[in-house]
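>>> Below: sequence and its predicted model.
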Amino acid sequence: MNTSGNERGVWSSKLGFILAGAGSAVGLGNIWRFPTTAGENGGGAFVVVYLVSIGLICLAVMIAELSLGRHTQRNPVGAYKTLAPGTAWKYLGILGVLTGWGISSFYSVVAGWTFGYIFKTAAGVFSGLSPVEIEKVFTDFITNPVYSIGCHAIFMTLTMLILFGGVKAGIERWSKILMPLLLFILLLLVARSVTLDGAGKGLRFYMMPDWGAMTGRGVVAAVGQAFFSLSLGMGTMITYGSYLSKKDNLLSSAVWVASLDTFIALLAGFAIMPAIFAFGLDPAKGAGLIFVVLPNMFNKIFLGNLFGTGFFVLLTVAAVTSLISIVEVPAAYFIDEMKMSRKKAVSIAGFGAFVAGIPAALSMGTVGWLSDLLTIGGKKLGFLDLMNLVFGQYSLIIGSLGVAIFVGWNWGADKANAEIAEGNPKYSGQTIYAFFIRFMAPVAVAALLICLILFPDAF
Ligand code: PHE
């Protein structure tokens with residue numbers, strides 16, 4: 001029988017962790033959701049609120065998750081059980097595991113679309129089509145159950161294959177290959193976009209905050225986006241932290257991951273905004289921005305099919321390194337708590353997410369009632385949108401609030417500080433960190449949760 005000890009793993013180096021952590025953080029959230037929501041919420045002003053939230057709230061929560069994980073060497077449920085045995089805190093860990101299952105289900109569906117688009121752009125399907133025809137290609141693709149469920153199945157299988165390899169030979173090895181590739185493709189796209197005629201307008205929209213276009217909802221969307229983008233609130237960073245060595249500097253690793261994530265989100269905006277404006281397209285096009293607006297743009301540039309294919313490879317790479325970190329949370333729970341082998345744990349976690357993703361895949365117009373479950377603030381929500389709202393937003397915010405309160409007040413800022421100082425003897429931020437994790441983060445996240453309850457359509 002396998003024991004949890006030999007089925008767990010450790011990162012081979014600090015760099016290995018940084019790339020895997022950044023691989024988790026950098027995903028559809030950075031390249032799809034960030035430019036899209038920034039476009040809908042006043043460009044530069046959104047970017048400023050986003051950056052402030054990362055620095056003032058999210059970083060403290062990320063450090064809290066990593067120290068919980070490294071200290072206990074456990075998955076989220078095990079971590080709470082170890083530090084607060086016999087209390088209800090373990091339910092916060094269980095919420096994290098359920099959230100991992102919930103997010104991975106619909107994340108894999110959307111990632112499947114990006115995967116399918118690699119082949120569509122490479123085959124030149126969009127060449128010469130009008131904007132209306134391009135929109136039709138997208139609708140036909142996502143409403144065709146064979147394609148949408150098929151691509152979802154392929155994507156989930158890829159994720160599981162990487163996870164079978166374990167921490168070092170699976171997650172870390174693939175992050176080390178895919179993250180530099182992602183950066184390379186992204187830089188190429190940025191270079192193309194900012195040199196287009198008329199790119200300046202987009203750069204201004206993106207870099208000059210127009211506070212008049214910023215609403216309360218925009219602020220909530222920016223802060224929520226920051227949590228989603230840094231993979232906080234469901235225990236991904238607890239789990240990845242549990243594979244960190246005591247010798248590594250946890251604080252600088254966290255700063256690296258948060259900075260890389262922010263840098264790549266900003267770069268994605270530089271790749272997309274100038275192009276949108278150069279072609280007179282609409283930055284507030286929402287979800288269709290990537291799958292409808294961009295193929296229009298690729299049609300109009302030299303070697304467009306090549307850049308288009310590169311872009312969807314980029315999105316796919318970003319998505320796979322995130323999805324492995326989402327599925328790893330339930331998998332680590334099964335390994336630690338149920339003493340399963342890694343193979344069995346990953347198979348159950350991945351297959352469960354695949355099954356839950358089927359109604360999500362069918363909710364984009366294929367099955368009427370699944371596509372139109374309820375209406376919030378004038379927006380129609382289907383099953384996929386609802387999963388995103390419940391797991392991708394509320395659960396992550398509740399989880400982040402819980403982890404800040406637990407680390408700040410229950411386990412205690414002193415213990416967290418002692419963990420941070422391991423592997424970093426010169427650490428001297430104890431007072432500042434205690435302030436951030438005890439006061440700043442809980443108050444800000446509680447305020448965010450209240451706003452989300454008041455404006456559920458903020459995202
Ligand atoms: N951070 C990932 C992204 O931006 C999504 C994610 C959320 C990953 C929560 C893990 C946990 O796409």
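That came in fine, so what should we check first?
>>> Going by C-alpha atoms from here, please, whenever you check contacts or count neighbours.
Will do.
>>> Show me what the host helix or strand of residue 150 packs onto, helices and strands only.
Here residue 150 sits within helix 145-164, counting by DSSP states H and E. The helices and strands touching helix 145-164, judged by 3 or more CA pairs under 8 Å, 6 or more residues apart in numbering; DSSP states H and E, are helix 90-122, helix 131-143, helix 304-337, helix 342-361.
>>> how big is the angle separating the third one from helix 145-164?
By that I understand helix 304-337. 50 degrees (axes from the mean of the first three to the mean of the last three CA atoms, to 10 degrees).
>>> So which residues of this structure form strands?
Counting by DSSP state E, the chain has strands at residues 374-376, 379-381.
>>> Pick out the shakiest of those, pLDDT-wise.
In terms of average pLDDT, strand 379-381 trails the rest of the strands of the chain, at a mean of 82.
>>> Name every strand pairing with that strand and say which way it goes.
The strands that strand 379-381 pairs with in its sheet are strand 374-376 (antiparallel) (by DSSP bridges).
>>> what comes into contact with the strand it pairs with?
Applying CA atoms under 8 Å, 6 or more residues apart in numbering, the contact partners of strand 374-376 are 380, 381, 382, 456, 457.
>>> what about 7 Å?
With CA atoms under 7 Å, 6 or more residues apart in numbering as the test, strand 374-376 has contacts from 380, 381, 457.
>>> can you redo those as a markdown table with neighbour count and distance to the ligand?
Formatted as a markdown table, the contacts of strand 374-376 follow (neighbours: other CA atoms under 10 Å; distance: CA to the nearest ligand atom, whole Å):
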| residue | neighbour count | distance to the ligand |
| --- | --- | --- |
| 380 | 13 | 23 |
| 381 | 21 | 20 |
| 457 | 17 | 19 |
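>>> Might you enumerate the residues of this protein proximal to the ligand?
Contact residues (CA under 6 Å from any ligand atom) of the chain with the ligand: 24-30, 228-232, 236, 322, 325-326.
>>> Just the mean pLDDT for the helix holding residue 150, thanks.
On average, helix 145-164 scores 97.
>>> same check, this time on stretch 72-83
Across stretch 72-83, the average pLDDT comes to 97.
>>> which stretches of the stretch 351-459 of the chain have low pLDDT?
The model of the stretch 351-459 of the chain has pLDDT under 70 over residues 458-459.
>>> what ranges do the helices span in it?
368-371, 383-387, 396-405, 413-421, 430-435, 441-454 (DSSP state H, counting those that start in this stretch).
>>> so can I have CSV of these showing mean neighbour count?
As requested, the helices of the stretch 351-459 of the chain are exported to CSV (neighbours: other CA atoms under 10 Å):
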stretch, mean neighbour count
helix 368-371, 16
helix 383-387, 22
helix 396-405, 24
helix 413-421, 20
helix 430-435, 15
helix 441-454, 18
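>>> Tell me which of those helices lies nearest to residue 54.
Among these, helix 441-454 comes nearest to residue 54, with 10.8 Å by CA to CA.
>>> got the CA positions of the closest one in PDB?
Output in PDB follows, covering the C-alpha atoms of helix 441-454 (Å, rounded to 0.1, in the frame of the first residue of the first chain):
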ATOM      1  CA  ALA A 441      -6.400  41.500   4.000                       C
ATOM      2  CA  PRO A 442      -9.400  40.400   6.000                       C
ATOM      3  CA  VAL A 443     -11.000  43.800   5.900                       C
ATOM      4  CA  ALA A 444     -10.400  44.300   2.200                       C
ATOM      5  CA  VAL A 445     -11.500  40.800   1.300                       C
ATOM      6  CA  ALA A 446     -14.700  41.000   3.500                       C
ATOM      7  CA  ALA A 447     -15.500  44.300   1.800                       C
ATOM      8  CA  LEU A 448     -15.000  42.600  -1.600                       C
ATOM      9  CA  LEU A 449     -17.300  39.800  -0.600                       C
ATOM     10  CA  ILE A 450     -20.000  42.200   0.500                       C
ATOM     11  CA  CYS A 451     -19.700  44.100  -2.800                       C
ATOM     12  CA  LEU A 452     -19.900  40.800  -4.700                       C
ATOM     13  CA  ILE A 453     -23.100  40.000  -2.900                       C
ATOM     14  CA  LEU A 454     -24.500  43.400  -3.800                       C
END
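>>> Now do it against helix 396-405: the angle between them, please.
Going by the same axes, to 10 degrees, helix 441-454 makes 160 degrees with helix 396-405.
>>> Against residue 362, how distant is the nearest residue to residue 254 once chain neighbours are set aside?
Closest residue in space to residue 254, ignoring its immediate chain neighbours: residue 63 at 6.3 Å, by CA to CA, 6 or more residues apart in numbering. From residue 63 over to residue 362 the distance is 38 Å, taken as CA to CA, to the nearest Å.
>>> Who has more neighbours out of the two?
A count of neighbours by other CA atoms under 10 Å puts residue 63 above the other of residue 63 and residue 362, at 27 against 24.
>>> wait, isn't residue 358 in contact with residue 151?
No: under the criterion of CA atoms under 7 Å, residue 358 makes no contact with residue 151, lying 11.1 Å away.
>>> Give the intersection of the neighbour lists for these two.
Counting by CA under 7 Å, 6+ apart, no residue touches both residue 358 and residue 151.
>>> still on that earlier bit, so which of the helices and strands packed on helix 145-164 is the most surrounded?
Compared across the helices and strands packed on helix 145-164, helix 304-337 shows the largest average neighbour count, a mean of 26 (mean count of other CA atoms under 10 Å).
>>> And residue 146, how close does it get to residue 366?
Distance from residue 146 to residue 366, by CA to CA: 11 Å.
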